[in-house]
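just a sequence and a predicted model for now, questions to come.
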Amino acid sequence: MKIMKWVIYFFYNIYDCLSEKWEFVCGAFRYLYGVKGQSGFGSSSTADQVVESFSSSFSTSFRLTAIITGATSGIGEETARVLAKRGVRVVMPARDMKKAGEVKERILKESPEALLILMELDLSSFSSIQSFCSKFLQLSLPLNILINNAGKFCRRLEHTTESFEMTFGTNYLGHYLLTKFLLKKLIETASETEIEGRIINVTSVIHRWATIEGFVFDDLLNPKNYNGTRAYAQSKLANLMHAKELTAQLRSPHLQERRANVTVNSVHPGIVKTGIIRDHRGLITGIFLGSDIFCCSEVP
Ligand SMILES: NC(=O)c1ccc[n+]([C@@H]2O[C@H](COP(=O)([O-])OP(=O)(O)OC[C@H]3O[C@@H](n4cnc5c(N)ncnc54)[C@H](OP(=O)(O)O)[C@@H]3O)[C@@H](O)[C@H]2O)c1
């Protein structure tokens, strides 16, 4: 009887393992070939198509305001373009104001009515974050949407102004602080306008690489052992955990009393040919990006 139990247990585990892997393989193929999911969108859907299907959310008499970090290129620029086209006032904090100006020009060419505000922000400096937030708050604008999108991937050990490892410091610590300073404004706007506020952390499936051994900080600070992919994966795991913890805090009775009608989401944008990928192309991304067989979006 005992042997029988072990045999069943053995085969059940094999079945479990295979079905999990099969699901993963099917998911990967659906993604690579742009097959649409339950939402009606797949990896071949464009930002314009997604926004089009939610057009009613933008047709309020109240002009929504969004802050998008990293809007000077890639996914951030595309997000700024489609939101501005829909009448959202887009605040573009950037460390390179010339680049930001060029993006603004491109967007205005397509949508002359677009309302774009350029401001300086370097996420690798706490004082820059503090200064950006106080300048933004002084404008007395509402804040409906915060998109924590900017991303950094360093091949070699670099440091932020406060001497944190650059990738973790920019992607996680910078966005954590930014969100902390702006949260009150998001909650107030949601309460005053009765429109749900949104915080979106742009993460990556690569966060799974960090879950195997968890956070390893000591190695990160050793130039000989520095591994850029691990640093990036850890920063993305931290972005995800930030979203989860913030969600829990916003649901806490303390904030419920303040009618914290703000939701936090994490999003993996898929594989997109942007600066971050082009600069750090490895074997796997090279195979995907170099091939037209696979569906892979491209943005400036
Ligand atoms: N592309 C993909 O396949 C992929 C996959 C998974 C996740 N993601 C995530 O998607 C997000 C957007 O990345 P992307 O692919 O669009 O890459 P990208 O084209 O390289 O854009 C990165 C943006 O982040 C900004 N940035 C970097 N460091 C900054 C700092 N210290 N302060 C302020 N802004 C800073 C850059 O500004 P500058 O113009 O000044 O450099 C740029 O605007 C990132 O969070 C990335 O991790 C991308």
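Yes, it's here. Residues are numbered from 1 along each chain as shown.

residues from the stretch 1-150 of the chain in reach of the ligand?
Residues of the stretch 1-150 of the chain found near the ligand, taking C-beta under 6 Å from any ligand atom as the criterion, are 69-70, 72-76, 95-96, 99, 121-124, 149-150. All C-beta spots, glycine's among them, are computed from the backbone N, C-alpha and C.

again, only this time at 5 Å
Contact residues, the stretch 1-150 of the chain versus the ligand (C-beta under 5 Å from any ligand atom): 70, 72, 73, 74, 75, 95, 96, 122, 123, 124, 149, 150.

looking at this, the fifth one is in a helix?
Spelled out, that is residue 75. Yes - judged by DSSP: H, G, I helix; E, B strand; the rest coil, residue 75 forms part of a helix.

tell me which helix or strand the residue of the stretch 151-300 of the chain found nearest the ligand sits in.
Of all residues in the stretch 151-300 of the chain, the one sitting closest to the ligand is residue 151 (2.4 Å; C-beta to the nearest ligand atom). Assigned by DSSP states H and E, residue 151 falls within no helix or strand.

domain map for the chain?
Taking automatic domain parsing as the reference, the chain has its domains at 1-33, 46-298.

which one of the ones you listed lies nearest to residue 39?
Among the domains of the chain, domain 46-298 comes nearest to residue 39, with 8.7 Å by C-beta to C-beta.

so where do the helices sit in the stretch 101-250 of the chain?
Secondary structure of the stretch 101-250 of the chain (DSSP state H, counting those that start in this stretch): helices located at 126-138, 166-168, 175-193, 207-211, 228-250.

and those helices as TSV, adding mean neighbour count and mean pLDDT?
Shown next, in TSV, are the helices of the stretch 101-250 of the chain (neighbours: other C-beta atoms under 10 Å; pLDDT from 0 to 100):
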stretch	mean neighbour count	mean pLDDT
helix 126-138	16	98
helix 166-168	23	96
helix 175-193	18	96
helix 207-211	16	81
helix 228-250	20	94
